[in-house]
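S.K.: Please find the sequence and the predicted model below.
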Amino acid sequence: MYRRLTNRQHVRSIALLLGTALATLAAAVPAVPAEAGSRSSGDLPAVSPRAETPALYDDEAGGDADADDPAIWRNAAEPGRSLVIATAKQGGLRVYDLDARPVQSLPAPSAPGPDDAPGRFNNVDLVHGLRLTSGRADLAVASDRGRDTLRVYRIDRDRPGGPLTDVTAPGAPPVFSADQDEINEQQTAYGLATWTDTSTGRSYALVSRRNRTTLALLELTAAPGGKVGYHKIRTLDLPSAFRLPNGSSWTPCAEPGELPQVEGMTVDPATGTLYAGQEDVGIWRLRADLTGSPHLVDKVREYGIPGAYDEETEECVPGADPGYGGTRLTADVEGLTLLTEDDGDGYLLASSQGDNTFAAYDREPGDDNEYEGGFRVTAASASLDGSEECDGAAVLNAPLGTKYPHGLLVVQDGHDAPADDGRKATDFKFVDLADVMRTIDD
């Protein structure tokens, strides 16, 4: 029978335990010198959102909707009428205009049987100009964690009843599972990033697997009737255990049977480079075609800290910090997105979920993606709060009409200002990209 699983609630408990444990150990453990360019989260500059979407609620009264991951679609003909497309997990997809107002709501697929998992959308990304049997189209591609498939939507800004239309080919196969029983175990399609290979023109989705380290490369293909299908090219497993400088082996603490998963991913189309955030480990850089060897760009602060899983409390109890972690990311590392600039420069942005900050790295792998700075998204007013425990982010460095003439950053807020009835709320914040660039460039 399908078991509805919470969104890594134990991780938040671990973060609290780690904070207490590290404070206690501070006097006993020798300080590790900070890496060049690192700053504490309290020292980072702040930016404030210009707008926020209506709150989503992950309960029956709110339609089991939980904000997770956004993508920004630019309307080339009328940039001021561009859209933000975002996942609401079991609530499906939401589409917003640049005022953060709802434009469309699409449900996740229903469960095939009473004991089976329903659709649950996790991450979304875009493909531009894919050739279909009905002509070229821009697409939104979402990972359906509940059904272990991809769902594909055509984007037509002015279509009546639109702007999104489901064009997923019938019989879309599971990404990782062999049958419905495996799907119900929910070790399924999780993180997602799209990539169009400039050398061949072919388009792909890179998909991670929940509670596993596996990444899959899926080619998107035209199917009859203007539909879109996909097939698997290859898979790659990132490490789940790591050799520490003292010669010991370390694996991030988790529930029995779980491995350190990847969610946040983005591809640099100019170089065909995939960046993947392994939540309790750090950020990997590897070829988007999943060949070659991955390179760990940066580590979370908790890297190397031993932990023991307590069956009674369902929490990890951390041990002493050996000092092998990074200085800029606090687990989980989430929400990777690429900020490109006209001159070819740019930044990889990552959400440091554990301390509510964002880190910026140089886009150029030749510079080993040097850390360039960080920022926080804080409240603009009593009625417009900032972003906490950010799950997903999307950035677009292009004019978007008069609202965002310098571009837009959209970030998920895992703790929206509390509702009057006390329910947990999530939403998406819209941040002027010019404000972000000033914090990084300074």
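M.R.: On my side now, so go ahead.

S.K.: All the helices of the stretch 1-150 of the chain, in order from the start?
M.R.: 9-25 (DSSP state H, counting those that start in this stretch).

S.K.: Which parts of it are strands?
M.R.: All strands of the stretch 1-150 of the chain, identified by DSSP state E, counting those that start in this stretch, fall at 46-47, 51-52, 56-57, 70-73, 83-87, 93-96, 102-106, 121-132, 135-144, 149-155.

S.K.: got it, and the stretch 251-400 of the chain?
M.R.: Using DSSP E, counting those that start in this stretch, strands in the stretch 251-400 of the chain cover 262-268, 273-278, 282-287, 295-299, 307-310, 315-318, 333-340, 346-352, 357-362, 371-377, 393-396.

S.K.: Could you dump these into TSV with mean neighbour count added?
M.R.: C-beta: built from backbone N, CA, C; applies to glycine. TSV is the format used below for the strands of the stretch 251-400 of the chain (neighbours: other Cβ atoms under 10 Å):
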stretch	mean neighbour count
strand 262-268	25
strand 273-278	26
strand 282-287	21
strand 295-299	19
strand 307-310	15
strand 315-318	20
strand 333-340	24
strand 346-352	25
strand 357-362	24
strand 371-377	22
strand 393-396	24
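
S.K.: Could I get those strands in a markdown table, plus columns for mean pLDDT?
M.R.: A markdown table is the format used below for these (pLDDT from 0 to 100):
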| stretch | mean pLDDT |
| --- | --- |
| strand 262-268 | 98 |
| strand 273-278 | 98 |
| strand 282-287 | 98 |
| strand 295-299 | 97 |
| strand 307-310 | 95 |
| strand 315-318 | 94 |
| strand 333-340 | 97 |
| strand 346-352 | 98 |
| strand 357-362 | 98 |
| strand 371-377 | 97 |
| strand 393-396 | 98 |
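
S.K.: Tell me which of those sits nearest to Asp442.
M.R.: In terms of Cβ to Cβ, the element of the strands of the stretch 251-400 of the chain nearest to Asp442 is strand 371-377, at 7.7 Å.

S.K.: who's in contact with Gly80?
M.R.: Remark: with contacts taken as Cβ atoms under 8 Å, 6 or more residues apart in numbering, Gly80 is in contact with Leu98, Leu400, Gly401, Thr402, Lys403.

S.K.: Next one, pLDDT for the first one please.
M.R.: Listed pLDDT for Leu98 reads 98.

S.K.: same thing with the third one?
M.R.: The predicted local confidence for Gly401 comes out at a pLDDT of 97.

S.K.: just checking, it touches Asp99?
M.R.: No. Under the criterion of Cβ atoms under 8 Å, Gly401 makes no contact with Asp99, lying 10.7 Å away.

S.K.: Those two: which has the busier surroundings?
M.R.: Using other Cβ atoms under 10 Å, the more surrounded residue of Gly401 and Asp99 is Gly401, with 14 against 11.

S.K.: Tell me which residues touch that one, please.
M.R.: Glu78, Pro79, Gly80, Arg81, Ser82, Leu98.

S.K.: closest to Gly304 out of the strands of the stretch 1-150 of the chain?
M.R.: The nearest among those, by Cβ to Cβ, is strand 121-132 at 27.8 Å.

S.K.: Nearest to Thr251 among the strands of the stretch 251-400 of the chain would be which one?
M.R.: strand 307-310 (9.1 Å).

S.K.: who touches the closest one?
M.R.: In this structure, residues lying in contact with strand 307-310 by Cβ under 8 Å, 6+ apart are Ile14, Pro252, Cys253, Ala254, Glu255, Pro256, Glu315, Cys316, Val317, Pro318, Gly319.

S.K.: Ser177: which of those is nearest?
M.R.: Closest to Ser177, out of all of those and judged by Cβ to Cβ, is Glu255, at 19.4 Å.

S.K.: quick one, phi psi at Ile440?
M.R.: With angles defined as degrees, to the nearest 10, Ile440 sits at phi -70, psi -50.

S.K.: shouldn't it be in contact with Tyr347?
M.R.: Yes. Between Ile440 and Tyr347 there is a contact under Cβ under 8 Å: 6.4 Å.

S.K.: joint contacts of the two?
M.R.: Ala360, Glu372.

S.K.: Now do the contacts for Gln261.
M.R.: Contacts of Gln261 by Cβ under 8 Å, 6+ apart are Tyr190, Gly191, Ser208, Arg209, Arg210, Asn211, Arg212, Thr213, Gln278, Glu279.

S.K.: if you set the cut-off to 7 Å instead, what comes out?
M.R.: Gln261 sits next to Tyr190, Ser208, Arg210, Asn211, Arg212, Thr213, Glu279 when contact means Cβ atoms under 7 Å, 6 or more residues apart in numbering.

S.K.: Among the residues you listed, which one has the most neighbours?
M.R.: Top of the contacts of Gln261 by neighbour count (other Cβ under 10 Å): Ser208, with 28 neighbours.
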